[in-house]
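Participant: Could you look at this predicted model? Sequence included:
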Amino acid sequence: MNQVTRRSVRFVLALVMTWAVFLPFPTFASKSIDFQFTDVTGKSLRLSDYQGKWVLVNFWAPWCPLCWAEVPTLNTLSKRKDVVVIGIGLDYGPDHNIVLDSAKSHDFNVTALIAGGSRHDRNSLIRQVGPVDFYPTSYLYNPSGEIVMFIPGQVKQEKLEAFIAKRYR
């Protein structure tokens, strides 16, 4: 592949990713699952517990620099009274402290969960929400509990807040 072709492919991929970042997926609505998670303190979390609020489920990994770049945005969103942010740290080893230590060292101040094992595991937290092919990846649920947005890559606060504001009218 020559240099011009590679640049063209990269440009098209960047364009598609930019377009897809905040693409609403109303077809997910019928596939929403009332997930049941357990946070790091042992508290049970269900989607139905957050009726009336927007719920952003964010998947991240300790080794992911893009994940850490979006932490200030997620922390700000979690301060809103109408938004709940659930951060799910992916961990494929037996030492969950890596996830907890990473979250603490980056001042990640949202409800924290740890998803160990493989995404192919039938009990994986990922399987309760949707595909996570890279990090970060987020899913936004509306106040009725339907998935209304899939966000591959970083969450952009202005775009997400504009989307929410548009839905409140």
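Facilitator: Received it, and whenever you're ready, just let me know what you need. Numbers count the residues shown, from 1 in each chain.

Participant: In the chain, what residue spans correspond to helices?
Facilitator: Here the chain has its helices, by DSSP state H, at 3-20, 65-69, 71-78, 97-105, 125-129, 157-168.

Participant: mind checking how far the closest residue to residue 75 other than its chain neighbours is from residue 130?
Facilitator: Setting aside the residues directly before and after it, residue 75 is nearest to residue 109 in space (C-beta to C-beta, 6 or more residues apart in numbering), at 4.9 Å. Where C-beta positions appear, they are placed from N, C-alpha and C, glycine not excepted. Taking C-beta to C-beta, to the nearest Å as the measure, residue 109 falls 24 Å from residue 130.

Participant: just residue 55 next, same as before
Facilitator: For residue 55, the distance to residue 130 equals 13 Å [C-beta to C-beta].

Participant: Compare the two (neighbour count), which wins?
Facilitator: residue 55 (22 against 18; other C-beta atoms under 10 Å).

Participant: burial count for residue 63?
Facilitator: Other residues within reach of residue 63 by the criterion other C-beta under 10 Å amount to 11.

Participant: All further residue positions should be reported with the first residue as 548.
Facilitator: I'll keep to 548 as the first residue from here, and by that count the last item is residue 610.

Participant: Model confidence score at it, please.
Facilitator: Here, the pLDDT recorded for residue 610 equals 89.

Participant: Report the separation between it and residue 692.
Facilitator: Taking C-beta to C-beta as the criterion, residue 610 is separated from residue 692 by 32 Å.

Participant: Please state the offset of the longest strand out of those in the chain from the chain centre?
Facilitator: Once the chain is assigned using DSSP state E, the strand that runs over the most residues is strand 630-638. Between the centre of strand 630-638 and the centre of its host chain there is 7 Å, according to C-alpha atoms, centre = their mean, to the nearest Å.

Participant: what about dumping the CA coordinates of it to PDB?
Facilitator: Listed in PDB are the C-alpha atoms of strand 630-638, where the atom choice follows Å, rounded to 0.1, in the frame of the first residue of the first chain:
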ATOM      1  CA  VAL A 630     -26.600  11.400  35.500                       C
ATOM      2  CA  VAL A 631     -25.000   8.300  37.100                       C
ATOM      3  CA  VAL A 632     -21.600   7.300  35.800                       C
ATOM      4  CA  ILE A 633     -20.500   3.700  36.400                       C
ATOM      5  CA  GLY A 634     -16.900   3.000  35.600                       C
ATOM      6  CA  ILE A 635     -16.000  -0.700  34.900                       C
ATOM      7  CA  GLY A 636     -12.300  -1.400  35.100                       C
ATOM      8  CA  LEU A 637     -11.200  -4.300  33.000                       C
ATOM      9  CA  ASP A 638      -8.800  -6.700  34.600                       C
END
